[in-house]
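Chemist: Have a look at this prediction, sequence included:
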Amino acid sequence: MPTDPRLTGANPARAAMVGLSDFDGVLRGKHVLGEDLAGEDKVIKFSEAVLAWDCMDRVIPASFTQKPLSAFGDADLRILSGTGRSVSHLGDQYLYLAEFAGAHENICPRGVLRKVLRRTADHGYDCTAGFEFEFMLFKENADTIEDKPFGEWAPLTRGPFGYSIARSVAQHELFDEILAICEKARIPLSGLHFETGPAVVEASLRHCDALEAADRAIIFKSMIKAWAQTRGMMATFMAKVSEKWPGQSGHIHISMSSDSKNVFYDGDALGNVSDLMRQFIAGQLEYMNEFCVLAAPNVNSYKRLVPGCWAPICPSWGLDNRSCAVRAIPGEPSAHRLEYRLPGADVNPYLALACAIGSGILGVETGPELPASIVGDASLEMCRPSARLPQSLSEATSRFAESAAASDVFGERFVEAFACSRRWEWESVQHRVTDFERRRYFEII
């Protein structure tokens, strides 16, 4: 059948893809033919099952729809005309983002972030954000990782060598391609370098409007995975790939403005931290344990949140202190911001940013007391068990499900649906018997 000539105005040669986020932050979608997607937002029908699937496409029992496993229908999907961009260095692969509208809008991850940003705007504030992602590159493919044990998987580079110029030069072709596809996709980077750990790369996405920042982040993750496969590699954004290596972070830089003025900045205050910024950080710390599951959404996430691995273990803040959960970064008004260091690279960008901003704006509204800033290692300063972050996905999910503040900020229906999905995720992993358990217990116990 010949290609319909009425394809997207921005990409007339072929159909465009439409992608939306599921709860896990995975872009799901399809090619849409014969529609002009560039002019204005359009609503099409799309399977609601994507909000009831786990990351392995298994239907979550008792999911948000309360329907039998075979009874999922179509829901309204809004295609966002302003989000179209090229997402491949090989030819013209064009993508538009979308979000559920109508009945499912209040549990759609992008819709949840918009809800939080509307609340922030009601106070007269605009938020700017930028994500940093660490990811690992392996010289493997989907078949070899099935056929070989993990110990035989080959990372692109061996051993830790953070900020290595030598490795950056040696791998310049790969870095050049990453920079090129990001530029082509309108996802400008402010930094790209090797991090600590074998084959760990960190990409810093340039800051922009908060909703656009989350859009860029979710496309970036999907785009890097696809690019790596075209290069005969696999890219992973797991929070913790091995207990022998540091985890992979998904830090978020945030600032807030009113009338184009950075309201986090006060040139006369210690560290330039304004009273409003203190209130914002106080809210982030006050509700961090209750909202933690949005920033640490997987069983594996909690293996990153341990002492000595450049990740927070408790709600804490400090001036330019990377051991804290919230790092205030002093600077001139144009650069003054905070870094929300709780999330790993495995996050859903929409939900992690909703967590960071939603808890902050609650602090502005309710005025909890801001604890003293931490000067040394936060994991040593706050080692009391009562001060710790949730220790498992199960604990974090329970706190979230029972949180009145979460229902207030994100909506009761979303809290119920997301908590259901996280309980399923926990239970899916908990009954598995691992090789480590066999080695530890088989002969001795």
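Modeler: Looks like it came in fine.
Chemist: can you map out the helices along the stretch 101-250 of the chain?
Modeler: 109-122, 144-147, 165-170, 172-184, 210-230 (DSSP state H, counting those that start in this stretch).
Chemist: Any chance of CSV for those, columns mean pLDDT, distance to residue 428 and mean neighbour count?
Modeler: Quick note: C-beta positions are derived from backbone N, CA and C, even for glycine. Shown next, in CSV, are these (pLDDT from 0 to 100; distance: least, Cβ to Cβ, whole Å; neighbours: other Cβ atoms under 10 Å):
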stretch, mean pLDDT, distance to residue 428, mean neighbour count
helix 109-122, 98, 20, 20
helix 144-147, 91, 19, 12
helix 165-170, 90, 37, 12
helix 172-184, 94, 33, 15
helix 210-230, 97, 22, 22
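Chemist: between these, which gets nearest to residue 133?
Modeler: helix 210-230 (6.8 Å; Cβ to Cβ).
Chemist: Show me how far that closest one is from its chain's centre.
Modeler: Between the centre of helix 210-230 and the centre of its chain there are 10 Å (Cα atoms, centre = their mean, to the nearest Å).
Chemist: again, but for stretch 183-199
Modeler: 15 Å.
Chemist: CSV please, covering the helices of the stretch 101-250 of the chain and showing distance to residue 273.
Modeler: Below are the helices of the stretch 101-250 of the chain laid out as CSV (distance: least, Cβ to Cβ, whole Å):
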stretch, distance to residue 273
helix 109-122, 19
helix 144-147, 45
helix 165-170, 34
helix 172-184, 32
helix 210-230, 20
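Chemist: Quick one, which of those helices gets closest to residue 289.
Modeler: helix 109-122 (18.4 Å).
Chemist: which residues does residue 116 contact?
Modeler: Contacts here follow Cβ atoms under 8 Å, 6 or more residues apart in numbering; on that basis residue 116 touches 354, 357, 358, 361, 409, 410.
Chemist: Between these, which sits nearest residue 242?
Modeler: residue 354 (29.9 Å).
Chemist: how about the helices of the stretch 101-250 of the chain, which one is nearest residue 337?
Modeler: Here helix 210-230 is closest among the helices of the stretch 101-250 of the chain (Cβ to Cβ), at 12.2 Å.
Chemist: Compute the inter-axis angle for the closest one and helix 109-122.
Modeler: Counting by axes from the mean of the first three to the mean of the last three Cα atoms, to 10 degrees, helix 210-230 points 150 degrees away from the direction of helix 109-122.
Chemist: could you give the angle of helix 210-230 to helix 172-184?
Modeler: Using the same axes, to 10 degrees: helix 210-230 against helix 172-184 is 140 degrees.
Chemist: circling back to that earlier point, name the member of the contacts of residue 116 with the shortest distance to residue 323.
Modeler: So of the contacts of residue 116, ranked by how close each gets to residue 323 (Cβ to Cβ), first place is residue 357, at 22.8 Å.
Chemist: Mind giving me the packing neighbours of the helix or strand hosting that closest one?
Modeler: Element membership for residue 357 (DSSP states H and E) is helix 349-366. The contact analysis (3 or more Cβ pairs under 8 Å, 6 or more residues apart in numbering; DSSP states H and E) places helix 349-366 against helix 109-122, strand 126-138, helix 210-230, strand 252-258, helix 275-286, helix 288-295, helix 404-410.
Chemist: now those in CSV, with distance to residue 59?
Modeler: Below are those laid out as CSV (distance: least, Cβ to Cβ, whole Å):
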stretch, distance to residue 59
helix 109-122, 18
strand 126-138, 29
helix 210-230, 22
strand 252-258, 31
helix 275-286, 34
helix 288-295, 21
helix 404-410, 23
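Chemist: looking at those, which is closest to residue 394?
Modeler: Taking the helices and strands packed on helix 349-366 one by one with Cβ to Cβ, helix 288-295 is closest: 9.8 Å.
Chemist: how distant is the helix or strand following that closest one from the center of its chain?
Modeler: As assigned by DSSP H and E, the chain's next helix or strand after helix 288-295 is strand 317-319. Mean-position distance between strand 317-319 and its chain equals 22 Å (Cα atoms, centre = their mean).
Chemist: Who are the packing partners of strand 317-319?
Modeler: helix 275-286, strand 326-329.
Chemist: can you redo these as CSV with distance to residue 47?
Modeler: Output for the helices and strands packed on strand 317-319, formatted as CSV (distance: least, Cβ to Cβ, whole Å):
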stretch, distance to residue 47
helix 275-286, 36
strand 326-329, 38
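Chemist: Using TSV, lay out those together with distance to residue 106, mean neighbour count and mean pLDDT.
Modeler: Listed next are these as TSV, based on distance: least, Cβ to Cβ, whole Å; neighbours: other Cβ atoms under 10 Å; pLDDT from 0 to 100:
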stretch	distance to residue 106	mean neighbour count	mean pLDDT
helix 275-286	22	23	98
strand 326-329	28	23	98
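Chemist: Point out the one among the ones you listed that comes closest to residue 380.
Modeler: Across the helices and strands packed on strand 317-319, closest to residue 380 is strand 326-329 (Cβ to Cβ), at 16.6 Å.
Chemist: Given that closest one, what are its sheet partners and their directions?
Modeler: strand 317-319 (parallel), strand 337-340 (antiparallel) (DSSP bridges).
Chemist: buried residues in stretch 28-37?
Modeler: For stretch 28-37, the neighbour count (16 or more other Cβ atoms under 10 Å) marks 28, 29, 32, 35, 37 as buried.
Chemist: Report the residue spans of the protein with pLDDT below the cut-off.
Modeler: Along the chain, segments meeting pLDDT under 70 span 1-14, 34-36, 62-71, 90-91, 381-386.
Chemist: do that again at 80, thanks
Modeler: Residue ranges of the chain with pLDDT under 80: 1-15, 33-39, 61-72, 89-92, 381-387.
Chemist: quick one on the thing from earlier: determine which stretch of the strands paired with strand 326-329 is the most buried.
Modeler: strand 337-340 (a mean of 24; mean count of other Cβ atoms under 10 Å).
Chemist: And the contacts of that one?
Modeler: Against strand 337-340 from outside (Cβ under 8 Å, 6+ apart): 128, 207, 251-255, 264, 277, 280-281, 284, 295, 325-329, 331, 352, 356.
Chemist: chain center to it, what's the gap?
Modeler: Worked out by Cα atoms, centre = their mean, strand 337-340 lies 15 Å from the chain centre.
Chemist: cool, and stretch 239-249?
Modeler: 16 Å.
Chemist: end-to-end on that stretch?
Modeler: 7 Å (Cα to Cα, to the nearest Å).
Chemist: Identify all contacting residues around stretch 396-404.
Modeler: For stretch 396-404, contacts defined as Cβ under 8 Å, 6+ apart pick out 287, 289-294, 296, 302, 389-390, 406, 415-416, 418-419, 422-423, 426.
Chemist: Narrow the residues you listed to just the buried residues.
Modeler: For the contacts of stretch 396-404, buried by 16+ other Cβ under 10 Å: 287, 289-294, 296, 302, 389-390, 406, 415, 418-419, 422-423, 426.
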